[in-house]
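Undergrad: A structural model of the following input is requested.
(one chain, ligands or ions: 1)
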Amino acid sequence: MQTQTPLNTPLLNVNHVSWNIGSKTILNNVNLQIKQGKFVGLIGPNGAGKSSLLRCLYRFNQPTAGQIKFNNTDIWQLKSHEYAKQVAVVLQETPSQFNLTLLDVVALGLTPHKALFSTTTTADTQKINQAIARVGLQDHASQRFESLSGGEKQRALIARAMVQQPQLLIMDEPTSHLDVKYQIQVMELAKSLGVTVFASFHDLNLAAAMCDELVVINHGEIVNTGSPIDVLSEDMLNDVFGVCAQVSHHPQMSKLGGVIPHITYFYGYE
Ligand SMILES: Nc1ncnc2c1ncn2[C@@H]1O[C@H](COP(=O)(O)OP(=O)(O)OP(=O)(O)O)[C@@H](O)[C@H]1O
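TA: Have a look, this model is predicted:
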């Protein structure tokens, strides 16, 4: 049974987390809270430590120091299938899926919930088909996953996450290879799931439009957190990203009626 965390209490607590490779410090004393139901963006320049931090959160990297708590339990104390039931991951590079069809890949979302060798029930099939329809891929269900376009693959992986019904969805630059419409669509799909999302972004305007909160990482340290309008200042863009930019307001408001910041970059860095 899943333990539900009340709204506004942290689902994920990152306490004094550091991660070293040999003598090199990649993450340094990271402290972070992700509240239930929030869509949180992780931004920072190349090599800042975004993927390293996300890998710690989905237990690919074990921190050298500090603790990560999910629903108040140290994630390394949880059995791996228990954690997999509650945390779904969508990465930039889609793993090779051999000869699986799109339907097979989406069905993998059920794996953490099923006993070994158990069969797929009618309710399971219904759930899988509904998720495929929700991402608009019903006409591709029997197509080989590898033959899907980049955008279709990412949507299929969102469908797999829907089937998995996680409490937390971690996304590591899931839209980097996608055209502009798919970038927006994949992120809006993730947002529509209504689960807590922690996603890294390179497109700061997309992050501004999608996220309730932003976390800025630089040189392995968290340097700023808050709402997009507070975080995306011209000074921060200059200090952290080394760009000269003007921050104005997007003509559209957020769904909750808030102002969405919009960044215009100036050229000339040679
Ligand atoms: N397994 C590893 N071994 C050695 N160095 C590593 C390892 N993983 C990450 N690093 C280093 O840690 C730093 C942070 O890398 P990371 O991939 O987390 O950055 P990032 O913010 O995701 O970057 P990008 O935006 O370029 O994807 C980089 O200097 C990288 O080379």
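Undergrad: where exactly do the helices run in the stretch 51-200 of the chain?
TA: All helices of the stretch 51-200 of the chain, identified by DSSP state H, counting those that start in this stretch, fall at 80-86, 102-107, 122-134, 150-164, 180-192.
Undergrad: the ligand contacts on the stretch 1-150 of the chain?
TA: Within the stretch 1-150 of the chain, the residues that sit near the ligand (C-beta under 6 Å from any ligand atom) are 21, 26, 44, 46-52. Every C-beta, even on glycine, is put in place using the N, C-alpha and C of the backbone.
Undergrad: repeat that with 8 Å
TA: For the stretch 1-150 of the chain, the residues in contact with the ligand (C-beta under 8 Å from any ligand atom) are 21-22, 24, 26, 44-55, 61.
Undergrad: one step back: as TSV, the helices of the stretch 51-200 of the chain with mean neighbour count would be great.
TA: Converted to TSV, the helices of the stretch 51-200 of the chain look like this (neighbours: other C-beta atoms under 10 Å):
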stretch	mean neighbour count
helix 80-86	16
helix 102-107	22
helix 122-134	15
helix 150-164	23
helix 180-192	17
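Undergrad: export those helices to TSV and tack on mean pLDDT?
TA: Below are the helices of the stretch 51-200 of the chain laid out as TSV (pLDDT from 0 to 100):
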stretch	mean pLDDT
helix 80-86	90
helix 102-107	94
helix 122-134	93
helix 150-164	90
helix 180-192	89
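Undergrad: any idea which of those helices gets closest to Ile222?
TA: helix 180-192 (22.0 Å; C-beta to C-beta).
Undergrad: now for the closest one, which elements pack on it?
TA: The contact analysis (3 or more C-beta pairs under 8 Å, 6 or more residues apart in numbering; DSSP states H and E) places helix 180-192 against helix 150-164, strand 196-200, helix 204-210.
Undergrad: and that helix with strand 196-200, angle?
TA: 150 degrees (axes from the mean of the first three to the mean of the last three C-alpha atoms, to 10 degrees).
Undergrad: give me the contacts around helix 180-192.
TA: Helix 180-192 has contacts (C-beta atoms under 8 Å, 6 or more residues apart in numbering) with 39, 90, 134-135, 150-151, 154-155, 158, 161, 169, 171, 174-175, 178, 197, 199, 203, 206, 209-210.
Undergrad: try stretch 137-144
TA: 99-103, 129, 132, 148, 152, 155-156, 159.
Undergrad: can you rerun that using 7 Å?
TA: 99, 101-103, 132, 148, 152, 155-156, 159 (C-beta atoms under 7 Å, 6 or more residues apart in numbering).
Undergrad: tell me the buried residues in it?
TA: For stretch 137-144, burial by neighbour count (16 or more other C-beta atoms under 10 Å) applies to 137, 140-141.
Undergrad: the most centrally placed residue in the chain pairs with what?
TA: By C-alpha atoms, centre = their mean, the chain has its centre lying nearest to Met171, at 2.3 Å. The partner list for Met171 in beta bridges (DSSP bridges) reads Val90, Ala199.
Undergrad: returning to what we had before: so which of the contacts of stretch 137-144 is the closest to His250?
TA: Arg155 (24.6 Å).
Undergrad: list the contacts of the closest one.
TA: Arg155 makes contact with 135-137, 186, 189 under the criterion C-beta under 7 Å, 6+ apart.
Undergrad: mind redoing it with 8 Å?
TA: 135-137, 182, 185-186, 189.
Undergrad: and if you look at Asn13?
TA: Counting by C-beta under 8 Å, 6+ apart, Asn13 touches 32-33, 67-70, 72.
Undergrad: using a markdown table, lay out the helices and strands packed on helix 180-192 together with distance to Val243.
TA: Output for these, formatted as a markdown table (distance: least, C-beta to C-beta, whole Å):
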| stretch | distance to Val243 |
| --- | --- |
| helix 150-164 | 27 |
| strand 196-200 | 18 |
| helix 204-210 | 9 |
